[in-house]
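Asks: using only what follows, build the 3D model:
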Amino acid sequence: MSTQRKITPKVRCAIYTRKSTDEGLEMDFNSLDAQREACESFITSQKAEGWHLVPDRYDDGGFSGGNLERPGLKRLLTDIEAGKIDMVVIYKIDRLTRSLLDFSKLVERFDNYEVTFTSVTQSFNTATSMGRLTLNMLLSFAQFEREVTAERIRDKFAASKRKGLWMGGRVPLGYRVKDRKLVVVQKDAKTVQFIFERYLEIGSVTQLVDELAHAGAVSTYGNPMDKGYLYRLLKNRHYLGEIPSGDKSYPGEHDAIIEREIWDKAQALLASNKRKQPPRRRRQSVALLSGLIRCAHCDRSMSPSHSRKKGKLYRYYICQTATKTGYKNCPICAVPAGDIEVLVVQQVRQILHRPEMVVKIWREGKEIGSDLQESEIIKALQRLDPVWEELFPAEQQRLINLLVDRVELAPEELKVRLRAEGLDILAKELSHISNKKGKAA
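Replies: Residues are numbered from 1 along each chain as shown. From the prediction side, this is the model:
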């Protein structure tokens, strides 16, 4: 009597290992090797069940388990999607992830490709409902531990700041760090004192930016001082010899650079100037070149702005160099928005009437099945001129953003660069519109 041998299905197993830091990875036998050795032994013990190890390694040394941005894990997921893996073997569940949300995402991806995973040191796998429940519970505690650790670190930082300790960050101008403490740099401290005293004299940050730029003053990191930098400097409580922590501030171990009387006067002046600023109104007109126009001299963007005089609205495009470091530092500075917009629109119209543009639109029309002739396309382009002024500002801006890639403004020159893909889209739109009108006629 013959007996039929039972065939055990083959289970392709991949081992995934991870270590949060790269400490010790240069050793001949490191933590990743230890994890892999334990997983290999476990797979060998399941040989009777058809388990066998795939040759590829999936290791992540020096990567946190708090996210999925890991090269080894990405390669593992790619091979799973390619159908190369049936089982993922890990040393501990937190080697795969410490986030409950990421874990649920991984389990869902595993399920989509009928892949399960098991832990060597925790007796369960995702093939059973009890294993899923246990995994969810363990990951909940892992995430809880991670959040508690983060809270402890935040509390330690806050406690250290309450004691006046410097806990790192951008070093304020006038100080340097020595033995984890702020130490006064006398040369830079005099610059800080001058900034406070001069601001109290003139009462204008914009004018102060101009004066500092003319004097060649720079920040701690060698960058020019703009308005944003000066506002932050004038409000920095480190100069009082304090350590700020959130909304509060505590006496620090370092020496003060600014006296309390000068500090209070500067804060009062800042508050007074802020109250004098008129409330911002919603922009009533569309800035046609917003995001497109740049100052060719400074290679900086030019932002739309406006002012009101005697009830009349005046619109401008202002170079960011002038805005941040003072109007004297840019020869272009600010230009009337209406004048520049008219010049740009004129250049775009001229380009659209060139013979090569007509040929381009005719070819686009042929590709979509249009039987338009060149003469009809010329008429379609000519229709843009009389209707342009009747278009809503938002539609005008849509067309300009469709056609224009960049507008470069120099002291004596205006360059308009068109978007090739925008011309293609416009050609198709005009061909469709004209074709529909031709058929309707």
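Asks: sort out which residues of stretch 397-408 are buried, please.
Replies: Residues of stretch 397-408 classed as buried under the neighbour-count rule (16 or more other C-beta atoms under 10 Å) are 397, 399-404, 407-408. The C-beta positions use only the backbone N, C-alpha and C, and glycine is treated the same way.
Asks: and the end-to-end length of it?
Replies: Stretch 397-408 has an end-to-end distance of 17 Å (C-alpha to C-alpha, to the nearest Å).
Asks: quick check: mean pLDDT of that stretch?
Replies: Throughout stretch 397-408, pLDDT has a mean value of 81.
Asks: next: stretch 172-188.
Replies: 90.
Asks: only alpha carbons, please: show it as CSV.
Replies: Provided in CSV are the C-alpha atoms of stretch 172-188 (Å, rounded to 0.1, in the frame of the first residue of the first chain):
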residue,chain,number,x,y,z
PRO,A,172,22.5,85.8,19.9
LEU,A,173,24.7,88.4,18.5
GLY,A,174,27.1,89.6,21.3
TYR,A,175,27.6,86.2,22.8
ARG,A,176,29.6,83.0,22.2
VAL,A,177,29.2,79.6,23.8
LYS,A,178,32.0,78.4,26.1
ASP,A,179,31.6,75.3,28.3
ARG,A,180,27.9,75.3,27.5
LYS,A,181,27.5,78.8,28.8
LEU,A,182,27.0,82.2,27.0
VAL,A,183,30.0,84.4,27.2
VAL,A,184,29.9,88.1,26.2
VAL,A,185,31.9,89.1,23.1
GLN,A,186,32.8,92.7,23.7
LYS,A,187,33.0,93.8,20.1
ASP,A,188,29.7,92.4,19.1
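Asks: wait, Gly72 touches Asp59, no?
Replies: Yes. The criterion here is C-beta atoms under 8 Å, and Gly72 meets it with Asp59 at 5.1 Å.
Asks: please say which of the two ends up with more neighbours.
Replies: Neighbour count, other C-beta atoms under 10 Å: between Gly72 and Asp59, Asp59 has more, with 22 against 18.
Asks: returning to that earlier point: looking at the buried residues of stretch 397-408, which is nearest Gln143?
Replies: Nearest to Gln143 out of these is Asn401 (C-beta to C-beta; 44.5 Å).
Asks: so that closest one is in which element?
Replies: For Asn401, the element it lies in under DSSP states H and E is helix 393-403.
Asks: about what we covered before: adding distance to Ala48, write the buried residues of stretch 397-408 out as TSV.
Replies: Conversion of the buried residues of stretch 397-408 to TSV gives the following (distance: C-beta to C-beta, whole Å):
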residue	distance to Ala48
Gln397	71
Leu399	72
Ile400	72
Asn401	67
Leu402	67
Leu403	70
Val404	70
Val407	73
Glu408	73
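Asks: and the spatially most central residue of the chain, how far is that from Lys84?
Replies: Centroid-nearest residue in the chain: Glu69, 16.5 Å away (criterion: C-alpha atoms, centre = their mean). Relative to Lys84, Glu69 is positioned 22 Å away (C-beta to C-beta, to the nearest Å).
Asks: cool, and Ile257?
Replies: To Lys84, Ile257 is 63 Å away according to C-beta to C-beta.
Asks: quick one: which of those two has more around it?
Replies: Set Ile257 next to Lys84 and count neighbours by other C-beta under 10 Å: Ile257 wins out with 25 against 14.
Asks: just say helix, strand or coil for that one.
Replies: Following DSSP: H, G, I helix; E, B strand; the rest coil, we place Ile257 in the coil state.
Asks: related to what we said a few turns ago, for the helix holding Asn401, packing partners?
Replies: Packed against helix 393-403, as judged by 3 or more C-beta pairs under 8 Å, 6 or more residues apart in numbering; DSSP states H and E, are the following elements: helix 337-352, helix 420-440.
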